[in-house]
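A.B. asks: Turn this into a model:
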Amino acid sequence: MKRSPVPPNIHLSGRAVGTAFLLISLLAGPGLATPTAAVEPSPTSAPTQSSAPTPTTPLTPMVPSPSMDQLSTASPTPDASTVTVPDPASPDDRAAMAAAVGIGGAEMGQRSARVIASSSSPSLKKLTTEASATEGTWKPTFGVQGLDVSSHQGTLDWQYQWNLGARFAYVKATEGNYYTNPSYSSQYQGSRNVGMIRGAYHFAIPNWSSGSDQARYFVQNGGGWTADGYTMPPVLDFEFNPYENRTVNGFYFGNSCYGMSPAQLTSWVRDFGNTVLAMTGRLPMIYTNTSWWNQCLGNPSVFGDYPLWVAAYPSSPTNNAGAVPTGSWSTYSIWQYSSTGPFAGDSNVWNGDLGSLQRFAGNFTVYANGAIGAAWAAAGGGEGLFGYPTSNESCTPSYCVQSFQRRVAYWTAANGIRTIFISGAIGQVWAAAGGTESSWGLATGNEACIANYCYQTFQKRTAYWTASNGVRTVYTPGAVGQAWLGAGGTNSDWGMATTDERCVSNYCYQEFERRTAYWTAERWVLTIYTPGAIGSVWRSQGGTGSSWGMPTTNETCSSVTLCTQKFENRTATWTPTAGVRVS
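C.D. replies: Below is the predicted model of the structure:
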């Protein structure tokens, strides 16, 4: 849902007006250090009981209201008779908070160089857009470039951002349950007008109101999602407390972790995510930085099904985003690598190509209660082995299938879940052959790699990959394939296929590591043991193209001193003393 570009009229009661003036110094905060490492700095205070009272939702304030001329970061002994408890559901208190945070509110990347530079004034921030001449010019050398903006960036030249290389944009829509970005509609539509895929983000203030309350506020004020192919999923901006150690109108905003425990913050995110999922059909992406997330939430393991947007600002050009919160993720979907350019606001990169970004924005979901969905979740969800869905699940009478960024997953009653690694050599050849509709059929086993080769079984083929031969397959319903299986397959003295089966005129043949197999209608399948003496001479003479021709019998040995094999035009014998002789 898009909101009007004009913010609603706000009527303040006498108490709220006083509060609005009182809160003018809300954003003045303690000094912050500019990050110089490849990750965001750690929170300045741990979420301990001594740094803030244990919150409920909303947090019960434990300090009295400040006076009109004083906004203190200290917490004097509370006097319950003088405490005025703000009500997050009250229009007056919400309006007072909106007035206090100003036209831009909190900014994504609270510890970034750009935000720190604009936060030094002891009074309300002066909102300015960074000049292009002062922005950085470095970009990672992979992925798809994008940016995120808020009202702090004001009116933007979106065509200029496009010309710089941006192909996606995120726009701040809301904060808490009291703030909506007055520039949202113009920024959201402006990015789309030049061709960008765009989405909305919400800056969470978790100790102000519940996750479900803020999720509803977000979705109702720009944070929705539609399956139109150019709308990114909603984003939860969950990071350093922008109002750390401030007390406003009796409400203490807590430490860097909002004065909340890891369990409370984890529950809050789940509450927010489940509500967004119920309202939009998609889980939100989580924006955070590793140090803050690990300290304040304890690196939980329950968010693997949420895409990750990680903030980390390297001090010199690199393609390494640094560590991610390993409890839930092994990699990231988006990396915010700079707050000072090359793009307006913050600069980001999508961890993939444009096609995967478009699929990420598309109308594809995973049926969590199904066998494929369960396997996808167990493999790490969107950030795991499968990646994000690139189709919806579909079923025929005999199987169900769903494609993902990195795998195609099948379910059959006989085999359960089997996947094909579509970026791998075997998967690419399978797809080029026609996939399920080809002579390969469905996968009956998962790809496995042993020593110097990888293999995978399908309904009608067994595929092998080696560095020397690439991908070779054995057509197992065929005569050669049946003989190979009957001899013991890879574990027989045939070994792996080194060529594909080929048919010429009245015969078919295929080479294996230790045998060459021929099929004719008259003689069925015959083989030549190529490491043997007879096979080695046959091959040196030109094989089938020699005067020997194709075999008409298999090699037989009547004793350890005599072996014989007949060919179309020759009979070959081997003895230890004479070696190979032909007649």
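
A.B. asks: list the contacts for residue 196?
C.D. replies: Applying C-beta atoms under 8 Å, 6 or more residues apart in numbering, we find residue 196 in contact with 146, 158, 161, 162, 166, 167, 168, 169, 230. Any C-beta I mention is one placed from the backbone N, CA and C, and that applies to glycine too.

A.B. asks: What pLDDT is listed against it?
C.D. replies: In this model, residue 196 is scored at 95, pLDDT.

A.B. asks: Tell me how many other residues crowd the nearest residue to it once chain neighbours are set aside.
C.D. replies: Spatial nearest neighbour of residue 196, chain neighbours left out: residue 169 (5.0 Å); criterion: C-beta to C-beta, 6 or more residues apart in numbering. Residue 169 has 29 neighbouring residues, counting by other C-beta atoms under 10 Å.

A.B. asks: heads up, I number from 46, so please use that
C.D. replies: Noted, 46 is the first residue going forward, which turns the last one into residue 214.

A.B. asks: quick one: contacts of whichever strand or helix holds residue 214?
C.D. replies: Residue 214 is part of strand 213-220, with elements assigned from DSSP states H and E. Contacts with strand 213-220, where a contact means C-beta under 8 Å, 6+ apart, come from 48, 146, 150-151, 153, 189, 191-196, 206, 225-226, 229, 232-233, 236, 241-248, 250, 259, 262-263, 266-268, 277, 280, 282, 393, 395, 402.

A.B. asks: sorry, back to before: does the residue nearest to residue 241 have beta-bridge partners, and which?
C.D. replies: Taking DSSP bridges as the rule, residue 214 bridges to residue 192, residue 243.

A.B. asks: And the pLDDT at it?
C.D. replies: 98.

A.B. asks: distance between the strand holding residue 214 and the chain's centre?
C.D. replies: Centre-to-centre, strand 213-220 and its host chain are 19 Å apart (C-alpha atoms, centre = their mean, to the nearest Å).

A.B. asks: which helix of the chain spans the most residues?
C.D. replies: Identified as the longest helix of the chain according to DSSP state H is helix 307-325.

A.B. asks: Report the buried residues of it.
C.D. replies: Residues 307, 309-318, 320-322, 324-325 are the ones in helix 307-325 that count as buried (16 or more other C-beta atoms under 10 Å).

A.B. asks: same question, stretch 469-476
C.D. replies: Neighbour-count burial for stretch 469-476, counted by 16+ other C-beta under 10 Å, picks out 469, 470, 471, 472, 474, 475, 476.

A.B. asks: I'd like to check what contacts that stretch. Which residues are they?
C.D. replies: Contacts of stretch 469-476 (C-beta under 8 Å, 6+ apart): 452-453, 465-467, 483, 485, 492, 499-501, 503, 508, 510, 515-516, 518.

A.B. asks: The same query, at a cut-off of 7 Å, please.
C.D. replies: 465, 466, 467, 485, 492, 499, 501, 508, 510, 515, 516 (C-beta atoms under 7 Å, 6 or more residues apart in numbering).

A.B. asks: what about dumping the CA coordinates of that stretch to PDB?
C.D. replies: This file holds the C-alpha atoms of stretch 469-476, laid out as PDB (Å, rounded to 0.1, in the frame of the first residue of the first chain):
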ATOM      1  CA  GLY A 469      27.000 -27.400 -11.300                       C
ATOM      2  CA  ALA A 470      28.300 -29.100 -14.400                       C
ATOM      3  CA  ILE A 471      25.800 -32.000 -14.100                       C
ATOM      4  CA  GLY A 472      22.900 -29.800 -13.500                       C
ATOM      5  CA  GLN A 473      23.700 -27.500 -16.400                       C
ATOM      6  CA  VAL A 474      24.000 -30.500 -18.800                       C
ATOM      7  CA  TRP A 475      20.800 -31.900 -17.400                       C
ATOM      8  CA  ALA A 476      19.000 -28.600 -18.000                       C
END
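
A.B. asks: Show the average pLDDT along that stretch.
C.D. replies: For stretch 469-476, the per-residue pLDDT averages 89.

A.B. asks: what do you get for stretch 409-427?
C.D. replies: Mean pLDDT, stretch 409-427: 86.

A.B. asks: same deal with stretch 311-321?
C.D. replies: 93.
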